[in-house]
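[1] Sequence and predicted structure below; questions after.
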Amino acid sequence: MPSNPADSSPEKSELPTSIISAAKQATKRGPAPVHLWNPPFCGDLDMRIARDGTWFYLGSPIGRKGLVKLFSSILRKDGEDYFLVTPVEKVGIKVDDAPFVAIDFNAEGTGAEQSLTFTTHVGDDVTAGPDHPIRVTIDPDSGEPAPYVLVRANLEALIDRKSFYRLVDIGGTQDIEGTPFFGIWSGGVFFPILAQSKLV
């Protein structure tokens, strides 16, 4: 009897099945409490998250969205390093920039009453505010801004270009310690993007 091509795909045969099984078990009843787990470190996986949010294993993209969402649910950042963590094992992976990408947002209200809820490429929704700050870094060479929003416990989402342009469109100016900054309000917090004097 011929095998089902889907069953013999590289993804099925090569992805770490022990982690997949443990992750499925751990997330059955809601978000995985990865911060509570302290399993032994089992080494590094040849797994990488590219800047655009694409997950790679053994150099090939993981095309199954369900698997990417599952892996993202057991992701943890300790210091500057990223790990997939289950109750029984902890493996290191590489992240080029941020592990998530914010691909859209919804704005409600205006000014200091404004609320911005971002959606990531793996389906997480997070409202920017005191617990989920927005930050912007500026590349010293190109001057290109890189905006981020905190999704959970040290894990950020890079805000994609189209969403950042929309943020700029609804931004405003606020004085911070006597210096006017251009930025954005959400959740009762003003998040500065750039000093007004540096705006072109």
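    Here it is on my side, so go on.
[2] and the helix or strand encompassing Pro147, what does it pack onto?
    Using DSSP states H and E, Pro147 maps to strand 145-152. If you count contacts as 3 or more Cβ pairs under 8 Å, 6 or more residues apart in numbering; DSSP states H and E, strand 145-152 packs onto strand 125-127, strand 134-138, strand 155-159, helix 161-169, strand 189-195. For the C-beta atoms, the positions are set from N, CA and C on the backbone; glycine is no exception.
[3] Just give me the residue closest to the centre of this protein.
    Phe100 (2.3 Å; Cα atoms, centre = their mean).
[4] my guess is that residue meets Leu155, correct?
    Yes. Here Phe100 reaches Leu155: they are 6.7 Å apart, a contact under Cβ atoms under 8 Å.
[5] isn't there a strand covering Tyr82?
    Yes. Counting by DSSP: H, G, I helix; E, B strand; the rest coil, Tyr82 is part of a strand.
[6] OK, contacts around it?
    Counting by Cβ atoms under 8 Å, 6 or more residues apart in numbering, Tyr82 touches 49, 75-76, 92-95, 99.
[7] Residue ranges in the protein under the pLDDT threshold?
    The chain contains residues with pLDDT under 70 at 1-14, 200.
[8] ok, Arg152 to Lys162 distance?
    The gap separating Arg152 from Lys162 is 23 Å, by Cβ to Cβ, to the nearest Å.
[9] Just want to know which of these two has more residues nearby.
    Arg152 (18 against 10; other Cβ atoms under 10 Å).
[10] what sits against that one?
    124, 126.
[11] Just grab the bridge partners of it for me.
    On the basis of DSSP bridges, Arg152 is bridged to Leu155.
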